[in-house]
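Novice: Got a sequence here, can you model it:
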Amino acid sequence: MGEPVKVDAPTPPMSNTDMSQLRPGEPPMDWLPGAYTRFAEKLLAPEAYPCHFGVQGQQRGNNWFAALDPRAPTLHGMDALVRTLLAFREQAWSGPKRQSLVLFVWPPNPLAELAEHHARFWSLLSDLTARDPAPWPVTMPRDPDDPSWQWCFAGEPWFVFAAAPGHRARRSRDLGPCLTLVFQTGRVFQGIEGSTVAGQAAKRRIRSQLESYDTVGPHPALGCASLSSKYKWRQYALPDDQSIAAGTSCPFTADSGADDNAAPGTTPLRPVTDTEKEALHG
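Specialist: Numbers count the residues shown, from 1 in each chain. Sure thing, here's the model as predicted:
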């Protein structure tokens with residue numbers, strides 16, 4: 001079970017320049033360069049990616065990166081991820097307003113079921129909470145069944161969402177061959193809150209682009225005011241259809257009990273098999 005991490009020196013995230021210079025090698029370099037390339041290609045493709053803020057972040061160098069690979073625990077394990085999140089939080093509140101931290105999670109497996117990746121996503125959030133050196137903020141309920149609950153880290157609420165190759169219809173939530181998490185502090189929404197003119201215009205633009213990019217409509221949890229303003233965890237890991245999870249069914253638990261030396265999740269994802277590799281490459 002994870003314990004709060006003692007942070008002597010935060011580990012800074014990697015920049016676009018850092019990522020573009022990666023070369024194949026020992027873990028996680030046996031998969032990370034390819035995962036980053038797929039991500040960058042997706043956001044910068046001629047077919048416009050629906051979230052223009054994410055595209056602008058990639059173009060302007062405001063997207064930052066990290067990798068989680070238990071085979072290289074010193075630099076890319078859970079404790080290292082805690083230190084990277086803390087470092088990112090500091091720069092996110094002092095640099096450009098709209099910054100994101102993109103986390104690539106080992107192993108890459110384009111054939112993994114969406115439910116498998118979503119289970120790992122929630123387990124990973126639970127593991128981070130167990131290692132968080134800061135207490136849960138007193139202004140945020142700890143019970144995920146509370147309609148106003150949001151995931152918190154370093155003493156404040158964050159927005160985080162999962163992207164996975166298991167998304168077939170909701171293509172905007174497929175950012176490459178592995179589970180990918182995007183973390184954002186509350187500052188990213190300053191000036192584009194839902195009640196503002198700029199925020200409403202941004203939502204209309206993104207929804208319009210989602211309707212042409214995905215083969216399923218924007219999920220109700222993203223657009224309906226009665227749904228998007230509460231149970232925000234529903235937006236973290238969207239289904240590939242329009243189903244709406246019950247408000248009391250949030251998969252988050254405050255204590256996952258995962259082994260520090262294992263991949264996050266009570267049942268680690270298996271690497272892609274040789275047979276599946278052959279299927280992927282024809």
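Novice: Not counting stretch 11-19 itself, show me its contacts.
Specialist: 33, 36, 40, 58, 61, 63-66, 75, 80, 83-84, 87-88, 91, 101 (Cβ atoms under 8 Å, 6 or more residues apart in numbering). C-betas here are computed from N, CA, C, even on glycine.
Novice: List only buried entries from those residues.
Specialist: Among the contacts of stretch 11-19, those classed as buried by 16 or more other Cβ atoms under 10 Å are 33, 36, 40, 58, 63-66, 80, 83-84, 87-88, 91, 101.
Novice: Tell me who's in contact with Trp151.
Specialist: Applying Cβ under 8 Å, 6+ apart to Trp151 gives the contacts Leu125, Thr129, Pro157, Trp158, Val160, Trp233, Tyr236, Phe252.
Novice: What is the burial count for the nearest residue to Arg131 once chain neighbours are set aside?
Specialist: Nearest non-adjacent residue to Arg131, counting by Cβ to Cβ, 6 or more residues apart in numbering: Gly2, 4.4 Å away. Gly2: 21 surrounding residues under other Cβ atoms under 10 Å.
Novice: For Gly2, what is the enclosing helix or strand?
Specialist: Using DSSP states H and E, Gly2 is not contained in any helix or strand.
Novice: Quick check: it vs Phe88, distance?
Specialist: Distance of Gly2 to Phe88, computed by Cβ to Cβ, to the nearest Å: 19 Å.
Novice: ok, which stretches of the chain are helices?
Specialist: Under the criterion DSSP state H, helices of the chain are mapped to 16-20, 32-44, 52-60, 73-76, 78-92, 114-131, 197-213, 220-223, 225-228, 274-280.
Novice: measure Gln58 to Arg98 for me?
Specialist: 11 Å.
Novice: got it, and Gln190?
Specialist: Distance from Gln190 to Arg98, by Cβ to Cβ: 9 Å.
Novice: Give me the more crowded residue out of those two.
Specialist: Using other Cβ under 10 Å as the criterion, Gln190 and Arg98 rank with Arg98 on top: 20 against 11.
Novice: just checking, the more buried one touches Gln56?
Specialist: Yes - assessed by Cβ atoms under 8 Å, Arg98 is found in contact with Gln56 at 7.2 Å.
Novice: list residues touching both of those two?
Specialist: Asn62.
Novice: where does the stretch 101-250 of the chain dip in pLDDT?
Specialist: For the stretch 101-250 of the chain, the stretches with pLDDT under 70 are 223-228.
Novice: just the strands in it please.
Specialist: All strands of the stretch 101-250 of the chain, identified by DSSP state E, counting those that start in this stretch, fall at 152-153, 156-163, 179-185.
Novice: most tightly surrounded among these?
Specialist: Using mean count of other Cβ atoms under 10 Å, the stretch among those with the largest mean neighbour count is strand 179-185, at a mean of 24.
Novice: What angle do helix 114-131 and that one make with each other?
Specialist: Using axes from the mean of the first three to the mean of the last three Cα atoms, to 10 degrees, the inter-axis angle of strand 179-185 relative to helix 114-131 is 40 degrees.
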